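**Q** sequence first, predicted model second:
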Amino acid sequence: MSTLADVRSLLAEVGYHDPVSNEDLDDALKALVDTGHVEPFEDYTAVISTYADAKRRREAWALTKQARIMVAAVRDVIDSLDRSLQLPPRLLDAVEATVRRTLDHFHQDADLLATDLAQVKAHLEQLQEASGDFYGAVAALVQHDVTDDAVFTSSRERILLALRHFAYQTQRALDRVRAALTDLKTVGTSSIVERALPGAGVLDARAQHSWLSEKRQQLDGLDAWFAPRGSIERLIDASASAIHTLLGAIERRFYANARGSDLGADFRQLARMIHAQPAEDAAYQVFAAGFGIWTAQHPRRPEHEDITPGFNAAEGALQPVEAVLRTTERGARSAGRPQKIPDLAERRAQAELVSKVELERRSALARDLITPGRVPLTHFAGLDAEHTALFAILLEEALDAFDHTAGCGTADTVGARMHVRVGEVGRMVTIELEEGRLTSPDLRVEVISLDTSAVESTEVA
């Protein structure tokens, strides 16, 4: 199968990027007019100052609606084929912000509801693409040849990316998104869509009905994604099973390299041999040979046995035998009793309990870090080890995400959000902590709670 780079090189070879003459361009336009993809028209708004301007006024063409749809479809296909892996870690935060913004515009500025509903469609496409990339990576480890380094490396990186960023952030923000969607359903999706119709600018009555149905269906689809046992929960559960899939792929790679055989490679080789046969009968013979499907042939028993009768070993002569001790293959499976299949539900419940305890601990630490406003770094002097660890993580994330245009960096944790702004330029500050000293440029830090409504920030000296 050719890649996009191969297609581009082939197009360049046939002269796709070469300049087109006026005769060829005129023939192509006539052909497009005959097929109904282009329609000629006279541009009455064009400025006419010379004879050439008057001639160009009659030489104007426009794509028809069908042609515009075809061009958009081709561009969408090319973008999808050439699209890299996208698993936004803060995707659910963006969904929550869109839903909250939709509710605010419903009560205050209904003309902006149409743009919010367009963003809902974009979020649905992002969720579908992210899920498809993740499930595709898992399927590649199960169905493809994992001894191929390119297949294994690509799938492993996608799964690890999903586990490190997407799945963790998704599970953390799931409750907030569900609460926002519950408020949205309380208002009513039909009421929101109908109020957004005037701001959408749809003039035709039939098109208005289609637009209402489409937007209502998109809101219901977004709610279905986050419903209990919905697609998001299944994706989080699949991320846990993806760990076992990845470990299984690593094990298959190990045994394929250690023992020189791989079951998947054997089946693929057998499929190639069957495909290469010239006739169906020959293909069935190869299939029967591969799977041992023959008619059993039993030879007739002779009248007189010509086999040497057995004798007692103790009666025979002694034979010298050399015993050689060899180490067994490291990692080889023992031929003992098969292990009991672990209870995944119990393990998952234990993991959820541990995660819940950890989230509660981080939430308690975050509440202790909440400030009365913007404070200098000296406000956090004397922090113990646990609070220092969380404070350092938040400070590092906020500085990494610092927006020089807004002059602020933001970092989130469970139940709290840190805002970092620049203090006195050129000044260094050192604060004493329980486990050492922290030296940093002068900063103004504000830690607010996400459980309560935001209040106006004030700076504390």
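**A** Great, that's in hand. Numbering: from 1, shown residues only.

**Q** how deep is the residue lying closest to residue 183 once chain neighbours are set aside tucked in, by neighbour count?
**A** Nearest non-adjacent residue to residue 183, counting by CB to CB, 6 or more residues apart in numbering: residue 103, 6.1 Å away. Heads up, the C-betas are built off the backbone N, CA and C, glycines and all. Applying other CB atoms under 10 Å, we find 18 residues neighbouring residue 103.

**Q** does residue 103 touch residue 189 like I think?
**A** No - look at residue 103 against residue 189 with CB atoms under 8 Å: they stay out of range, at 11.6 Å.

**Q** contacts for the helix or strand residue 209 falls within?
**A** Assessed by DSSP states H and E, residue 209 sits inside helix 205-225. Helix 205-225 is touched from outside by 95, 117, 120-121, 123-124, 127, 181, 184-185, 189-190, 192-194, 196-197, 200, 202, 230-232, with contacts defined as CB atoms under 8 Å, 6 or more residues apart in numbering.

**Q** which among those count as buried?
**A** Neighbour counting by 16 or more other CB atoms under 10 Å classes 95, 117, 120, 123-124, 127, 181, 184, 189, 192-194, 196-197, 200, 202, 232 among the contacts of helix 205-225 as buried.

**Q** which ones among those residues lie within strands?
**A** Among those, none falls in strands (DSSP state E).

**Q** name the single longest helix found in the chain.
**A** In the chain, taking DSSP state H as the definition, the longest helix is helix 113-143.

**Q** got the contact list for residue 433?
**A** Contacts of residue 433 (CB under 8 Å, 6+ apart): 380-383, 388.

**Q** name the nearest of these relative to residue 14.
**A** residue 388 (64.9 Å; CB to CB).

**Q** can you tell me the helix or strand for that closest one?
**A** With DSSP H and E as criterion, residue 388 is part of helix 385-400.

**Q** other residues contacting that helix?
**A** 362, 365-366, 368-369, 380, 383, 409-411, 413, 418-420, 433-435, 438, 440, 443, 445, 447.

**Q** hmm, 10 Å instead?
**A** 361-362, 364-366, 368-369, 377, 380, 382-383, 408-414, 416-421, 433-436, 438, 440-441, 443, 445, 447 (CB atoms under 10 Å, 6 or more residues apart in numbering).

**Q** partners of the next helix-or-strand element following that helix, with directions?
**A** Per DSSP H and E, the first helix or strand lying C-terminal to helix 385-400 is strand 409-413. Strand 409-413 has its sheet partners listed here by DSSP bridges as strand 416-422 (antiparallel).

**Q** go through the partner strand and flag the buried ones.
**A** 416-421.

**Q** can I get it in CSV, CA atoms only?
**A** The C-alpha coordinates for strand 416-422 follow below in CSV (Å, rounded to 0.1, in the frame of the first residue of the first chain):
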residue,chain,number,x,y,z
ALA,A,416,-7.7,23.3,43.9
ARG,A,417,-6.0,25.5,41.2
MET,A,418,-2.8,27.4,41.4
HIS,A,419,-2.2,30.7,39.6
VAL,A,420,1.4,32.0,39.4
ARG,A,421,2.3,35.5,38.4
VAL,A,422,5.7,37.3,38.2
